[in-house]
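1. Return atomic coordinates for the entry below.
(2 chains)
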Amino acid sequence: RKEVEQDPGPFNVPEGATVAFNCTYSNSASQSFFWYRQDCRKEPKLLMSVYSSGNEDGRFTAQLNRASQYISLLIRDSKLSDSATYLCVVKGSGGYQKVTFGTGTKLQVIP
Amino acid sequence: DAGVIQSPRHEVTEMGQEVTLRCKPISGHDYLFWYRQTMMRGLELLIYFNNNVPIDDSGMPEDRFSAKMPNASFSTLKIQPSEPRDSAVYFCASSLDSFNQPQHFGDGTRLSIL
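-> Below you'll find the predicted structure:
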């Protein structure tokens, strides 16, 4: 089993729709979690950290479920500019700073 | 504030040549990471440093790859000799020495080995 798994997609959604991605991780000792966004031919950029109690940033909501070992990202009112690949990142799973990236979920928002 | 700076942005060279990629981390960051990204394999961690010391190089594909960090503001990733299968985007990232701090990426070097 991969350390971090994501559905590669693509998720094709109309503008204004709500879309959710899940990411599962295998190491129960993992401590920190993040969502990154990567546009085509660009570097990954931090979208948001994921806190134990869940957190929201505008149209984006991230949640952590330690019991089931997954994190989620919810995007409300999708915009065309949300089209990108979303990478799930798990930290601390093996060594203090070891970081594992998922392979990403591609989102395409359609006019 | 200046982010992570990588050079060159693009490199095209012939098989067998030595390639050197450069990275300047964000000032004050204690950790520096080198990644490689391809369509087939996604983002792979090659090596990371803490306070200029290599901590985990288990991701370095083979002896042709080497990385150094002579000081807190500079790191290199060298490939010698280069092969076509090394063609990829190479990212450098840095982070603070804190458990819940994220990594910040440079723009990457797009490497093509002919």
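
2. Provide the secondary structure category for the residue nearest to the spatial centre of chain B.
-> With distances taken as C-alpha atoms, centre = their mean, residue B:34 lies nearest the centre of chain B, 3.1 Å away. Secondary structure of residue B:34, reduced to three states by DSSP: H, G, I helix; E, B strand; the rest coil: strand.

3. ok, it touching residue B:75?
-> Yes: judged on C-beta atoms under 8 Å, residue B:34 makes contact with residue B:75 at a distance of 7.4 Å. C-beta coordinates here come from the backbone N, C-alpha and C atoms, glycine included.

4. what touches both of these two?
-> B:23, B:67, B:92 (C-beta atoms under 8 Å, 6 or more residues apart in numbering or on different chains).

5. what number of residues lie near residue B:108?
-> 24 (other C-beta atoms under 10 Å in any protein chain shown).

6. Report the contact partners of residue 51.
-> As the question left the chain open, I've gone with chain A. Residue A:51 neighbours (C-beta under 8 Å, 6+ apart): A:62, A:64.

7. other chain: chain B
-> Residue B:51 touches B:30, B:72, counting by C-beta under 8 Å, 6+ apart.

8. That one and residue A:13, how far apart?
-> With distances taken as C-beta to C-beta, to the nearest Å, residue B:51 is found 44 Å from residue A:13.

9. Just give the closest residue to residue B:20, not the sequence neighbours.
-> residue B:78 (5.1 Å; C-beta to C-beta, 6 or more residues apart in numbering or on different chains).

10. for the strand or helix carrying the one you found, which positions count as buried?
-> Assigned by DSSP states H and E, residue B:78 falls within strand B:74-79. By neighbour count on 16 or more other C-beta atoms under 10 Å in any protein chain shown, the buried set for strand B:74-79 is B:75, B:77, B:79.

11. Take those and write them to TSV, including distance to chain A.
-> Listed next are the buried residues of strand B:74-79 as TSV, based on distance: C-beta to the nearest C-beta, whole Å:
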residue	distance to chain A
B:75	15
B:77	16
B:79	20
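
12. of the residues you listed, closest to residue A:104?
-> The closest of the buried residues of strand B:74-79 to residue A:104 turns out to be residue B:77 (C-beta to C-beta; 22.7 Å).
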